[in-house]
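Trainee: Fold the following for me, if possible:
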Amino acid sequence: MLYYIVKIMAVTAIRTFFNNISTEHNDTIPRDEPIIFTSNHPNTMMDPIIIGYTCRRKLYFFAKSTLFDYPIAEWFLKQMQLVPVYRKEDDPKLMYRNEKTFTKGYEILKQRKAFLIFPEGISTGDRKLSEVKTGAARIGLGAEADHNWNLGVKIIPVGLNYSKAIKFRSDVLARFGKPIILSDFRSVYEQDEIEAVHQVTTQIETALSKLTINLKDLEMEEIVEALETIYKQELAIDLGMEIENKSDDFSVTKGLINAVEWHYENQPKTVEKFKSMLHRYQRFLNRLQIKDEFLDPASGSVTFWERVKAILFLVFMFPVYLYGLINNVIPYKFPRWYASHFVEYKAEIAPWKMVAGIVVFLIYYPIEIIIFASITGSVFWTILYILSLIPSGNFVLKYIQRVRDYRQHLQFLSVFYRKRPLIYELIKQRQEIIDFLNTCKTEYMSAVNLPLRKQA
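Mentor: From the prediction side, this is the model:
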């Protein structure tokens, strides 16, 4: 019972925290077969909740043993079906306890159930896969070997891709890969167990690399982020894709990363030239305090009627914004303040924002409701008030974004009329970057034998 209550709360929390949770290929996951899910691990507590929510299986979760250090925590985590994994970096002397961990894994698979394990063993929050450990392969192959290779154990890799891992109301895409069937490795395992484990682990690592937006080297991150801002939309249009489609968006970003990695390895001088052009362009943007999107011809110009509608929205919806702000400002502000002051690691920022948000909402909303009910003395109006709290809070976020967009638009118009020559110079620099990238794209696609355009 406790498991299901906490699961409902956790799912509600992530559906509130993220704007959109998308999945790929989760409809092909077997419902009654023994499965080991293996995933990248960019966002600590968020990752298992998202996979548990999207995989449509009741899961056990393999987690680092340090989470079980306190008796109350140990009891609670075991109720949540967590299984401790003893890592060498935590305490080498305790690694012998992993025998029980493996035994538990065998039992789960024997009962045709499923568990999730993060084979990297750590969570950094970076766009980079760490070394994949052998635990998943060893448990899966060991379980099959113990049951004469008749269990039908499959390893399903999962790629978690966050648009902004630490940002509230961002997006996440969970991509479920092709199952790795462990009985296929029977002959290798019977000849050489270590080689079989190595082969399975290599397949897991390869699959995760394909399913995630990750970099071989974090040095490339600046360029990739710049390309996502300046070039992604244009590239998507050129390839006949739509950024709004999460699958297309992933494909375009993955293609950008592959191209950047290829140029780092094969055309380092081209990379340095692009960096120089990019830094010059970014200095101009920062100097004028405007965003690249205002210089993008594809974004289109804002018509007079659109400006009027924006002003009318901001004016007439201000009372709704003020109502939502009064009722939600502390619950929305506190998690961000807490994370910025007390959370050290990038991979833990979003989870602690969510946890802090849950705690403060559970305290703050009842206080507001009690005060409102005591003032009005009306059950009807109190129920309406309760129903309005979350929608009004979400509206505040939408309103603030509209204000920011309009303010940036006015800033751009102001700069444009006062410093028109500088804007023209910026547009020229941007077009030079686009032309340079188009040349790089043609060279890259020709070098790796990719078609220049997506075939209809």
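
Trainee: do you know how far the residue sitting nearest the centre point of the chain is from Ile363?
Mentor: In the chain, the centroid-proximal residue (C-alpha atoms, centre = their mean) is Tyr162; its distance is 1.8 Å. As judged by C-beta to C-beta, to the nearest Å, Tyr162 and Ile363 stand 28 Å apart. In short, each C-beta sits where N, CA and C put it, glycine included.

Trainee: Check Ile51 too.
Mentor: 29 Å.

Trainee: more crowded one of those two?
Mentor: Ranked by neighbour count (other C-beta atoms under 10 Å), Ile51 and Ile363 place Ile51 first, with 23 against 12.

Trainee: give the contact list for that one.
Mentor: Ile51 is in contact with 37, 39, 59, 116, 158, 160, 174, counting by C-beta atoms under 8 Å, 6 or more residues apart in numbering.

Trainee: ok, now Ile358?
Mentor: Residues near Ile358 by C-beta under 8 Å, 6+ apart: 9, 13.

Trainee: what's downstream of the helix or strand where it lies, the next helix or strand?
Mentor: Using DSSP states H and E, Ile358 sits in helix 349-376. Tracing the chain past helix 349-376, the next element assigned as helix or strand by DSSP H and E is helix 379-418.

Trainee: And the strands in the stretch 51-200 of the chain, which stretches?
Mentor: Per DSSP state E, counting those that start in this stretch, the stretch 51-200 of the chain carries strands over the ranges 59-64, 82-85, 114-117, 154-162, 171-176, 180-181.

Trainee: the domain parsing of this structure - what is it?
Mentor: Domains of the chain are assigned by automatic domain parsing as 2-211, 218-300+424-447, 304-418.

Trainee: end to end, how far does the first one reach?
Mentor: Domain 2-211 has an end-to-end distance of 33 Å (criterion: C-alpha to C-alpha, to the nearest Å).

Trainee: Then the shortest one?
Mentor: The straight-line separation of the ends of domain 218-300+424-447 (C-alpha to C-alpha) is 24 Å.

Trainee: how far out from the middle of the chain is it?
Mentor: Between the centre of domain 218-300+424-447 and the centre of its chain there are 21 Å (C-alpha atoms, centre = their mean, to the nearest Å).

Trainee: Spit out the contact partners of Phe316.
Mentor: Shown in contact with Phe316 (C-beta under 8 Å, 6+ apart): no residues.

Trainee: how near is it to Gln191?
Mentor: Counting by C-beta to C-beta - Phe316 and Gln191 are separated by 75 Å.

Trainee: Also Met95?
Mentor: Taking C-beta to C-beta as the measure, Met95 falls 27 Å from Gln191.

Trainee: When the two are compared, which one has more neighbours?
Mentor: Neighbour count, other C-beta under 10 Å: between Met95 and Gln191, Met95 has more, with 15 against 9.

Trainee: Surely that one touches Glu89?
Mentor: No - Met95 is not in contact with Glu89 according to C-beta atoms under 8 Å; the separation is 10.3 Å.

Trainee: Retrieve the pLDDT associated with the nearest residue to Tyr364 once chain neighbours are set aside.
Mentor: Among residues not flanking Tyr364 along the chain, Pro331 sits closest, at 5.1 Å (C-beta to C-beta, 6 or more residues apart in numbering). In the predicted model, Pro331 carries a pLDDT score of 89.

Trainee: hmm, back to that, can you convert the strands of the stretch 51-200 of the chain into TSV and add a column each for distance to Gly240?
Mentor: As requested, the strands of the stretch 51-200 of the chain are exported to TSV (distance: least, C-beta to C-beta, whole Å):
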stretch	distance to Gly240
strand 59-64	38
strand 82-85	44
strand 114-117	36
strand 154-162	21
strand 171-176	20
strand 180-181	32
